[in-house]
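Undergrad: 3D model of this:
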Amino acid sequence: MAKKKVANGGIANASGSSTSTSPIPPKATATPEPSAYSRVDIMSASAALTAAGRDPIKVNNVNAADLKNACDDAVKKLLSQPGLFQEKHTHTDVKLLLGWASVFVAAGTALYGWKVDFEQSKALVWAGVILYVLLTTTSTLYAFFVEKDTVFVGRRKTLAKRIETEHVDISSRTLPHLTPGASPRYRVSVSYVRSSNGGKSLLGRGQASEERPYSDFFDEEGTMDQERFERWVGVMVERVMES
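TA: Numbers count the residues shown, from 1 in each chain. Okay, the predicted model is just below:
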């Protein structure tokens, strides 16, 4: 049977009836759900510090310990800004506990030895001395094997579809200069873990280490370029968190 086109886009057959056709609608595309992960914007925190006004930092630029301490303090100040990480003081608390315990043991032992006759107090005095040595040794070993070069330990919790916990651990050390007359270098190591369900589900992990000469951040008079230093550290931490 012969068919012919009609003006409205339908198809007419020989009997004059027509069949209309409608355009095929486009396939709907699924919209990805937003991630529950809230990105840390460290650069905004650095800008906020600049806007609030900075106190200049000036150190003896030939003293590597002063240079490192200034950089370590800048790391802690940056990452503990509101909206970033809450600093954990576990290492400091442990060392303070051991330190104060050794002080009390030493003071108590000395007082007891002074109040009581030597022959009667000898056993307890020796016990106090041994306990003092154990406490101070434990503090030293803790700093060397556990705390190591840790500068900052922070935690952050976010809540969207679930509670996620982020941990960041920053450590640093001074590396000697490579050539005579060159500036020693500041090495930063970043370790990051993101988890949920109280740490049972691992969602992300990253590590990175970088080093730069102190002369990149301190001028000849020992004044620190805080913005430049924060930009270097902030970019590295953000990159580790997004990896």
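Undergrad: from here on, contacts and neighbour counts on C-alpha atoms
TA: OK.
Undergrad: for the protein, give me the ranges with low pLDDT.
TA: 1-40, 160 (pLDDT under 70).
Undergrad: go again with 50.
TA: By pLDDT under 50, the weakly predicted segments of the chain are 1-38.
Undergrad: ok, the residue most central in space within it - contacts?
TA: In the chain, the centroid-proximal residue (CA atoms, centre = their mean) is residue 168; its distance is 3.3 Å. Contacts for residue 168 (CA atoms under 8 Å, 6 or more residues apart in numbering) come out as 152, 153, 154, 155, 190, 191, 192, 193.
Undergrad: could I get the residues you listed as JSON lines with neighbour count?
TA: As requested, these are arranged in JSON lines below (neighbours: other CA atoms under 10 Å):
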{"residue": "152", "neighbour count": "24"}
{"residue": "153", "neighbour count": "21"}
{"residue": "154", "neighbour count": "19"}
{"residue": "155", "neighbour count": "18"}
{"residue": "190", "neighbour count": "21"}
{"residue": "191", "neighbour count": "18"}
{"residue": "192", "neighbour count": "21"}
{"residue": "193", "neighbour count": "19"}
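Undergrad: what about the residues you listed, which are in strands?
TA: 152, 153, 154, 155, 190, 191, 192, 193 (DSSP state E).
Undergrad: nearest to residue 184, of these?
TA: residue 190 (19.9 Å; CA to CA).
Undergrad: wait, that closest one sits on residue 233?
TA: No - counting by CA atoms under 8 Å, residue 190 stays clear of residue 233, with 9.4 Å between them.
Undergrad: for residue 73, see how far away residue 170 is.
TA: The spacing between residue 170 and residue 73, counted by CA to CA, to the nearest Å, is 12 Å.
Undergrad: comparing the two, which residue is more hemmed in?
TA: Neighbour totals were compared for residue 170 and residue 73, and residue 170 leads with 22 against 12 (other CA atoms under 10 Å).
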